[in-house]
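Undergrad: structure for this input, please:
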Amino acid sequence: MVRVTFRSAFSVDITKKVEDDFSNGNFIQRTINIKNTEFRVGFERHIILHDRILFSYGLDFLGLYNAEYSNVENFNGSGITFTSDQKTFGGGLGPMLRLEYKISDRIFISSECSFYGFYSSAKEIIRSSGMNLTESKSTNSSLVLQLPQSLFFNIAF
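TA: Presented below is the predicted three-dimensional model:
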């Protein structure tokens, strides 16, 4: 028996760090804000190999948005502030494979691997006390093989 299902994943990570540094008579404060959003959608086909073993294969589409802002302030009279503002957009696609073992009707373990082609574009602006120092753009293309790294313990309700 062969079945087809829709698969999806969505991840949001928001980080804010403030670091104080006092060295050589200078007090410096760094503020770092990171917002990272990733999503994955796709379809997979299931093949029942045994009454307890399921094999799945499919195709995923990926997306990424990452915004990173850092601010460095020197509080010892110079008043110099450095900021870095970086934004990255990316997308890709690739096949995936999963193997699942059914322990009971509602409990199973699984692991999966994937091979993704990914393209991203980034833009970074560095400022000193409000004035633009540099502006750079970069692109990155990569192939990423993700071998099984985790064994998932799943409970179905």
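
Undergrad: wait, residue 139 sits on residue 118?
TA: No - contact between residue 139 and residue 118 fails when scored by CB atoms under 8 Å: they sit 11.2 Å apart. Every residue, glycine included, has its C-beta placed from N, CA and C.

Undergrad: between those two, point out the one with more neighbours.
TA: Between residue 139 and residue 118, residue 118 has the larger neighbour count (other CB atoms under 10 Å), namely 16 against 9.

Undergrad: identify the bridge partners of that one.
TA: Counting by DSSP bridges, residue 118 is bridged to residue 92, residue 142.

Undergrad: distance-wise, check it relative to residue 155.
TA: Separation of residue 118 from residue 155 (CB to CB, to the nearest Å) stands at 32 Å.

Undergrad: centre-most residue in this protein?
TA: residue 38 (5.2 Å; CA atoms, centre = their mean).

Undergrad: model confidence score at that residue, please.
TA: On pLDDT, residue 38 comes in at 96.

Undergrad: from residue 11, how far off is it?
TA: From residue 38 over to residue 11 (counting by CB to CB), the distance is 5 Å.

Undergrad: before we move on, what about residue 30?
TA: 25 Å.

Undergrad: of these two, who's got more company?
TA: Of the pair residue 30 and residue 11, residue 30 is the one with more neighbours under other CB under 10 Å, namely 14 against 10.
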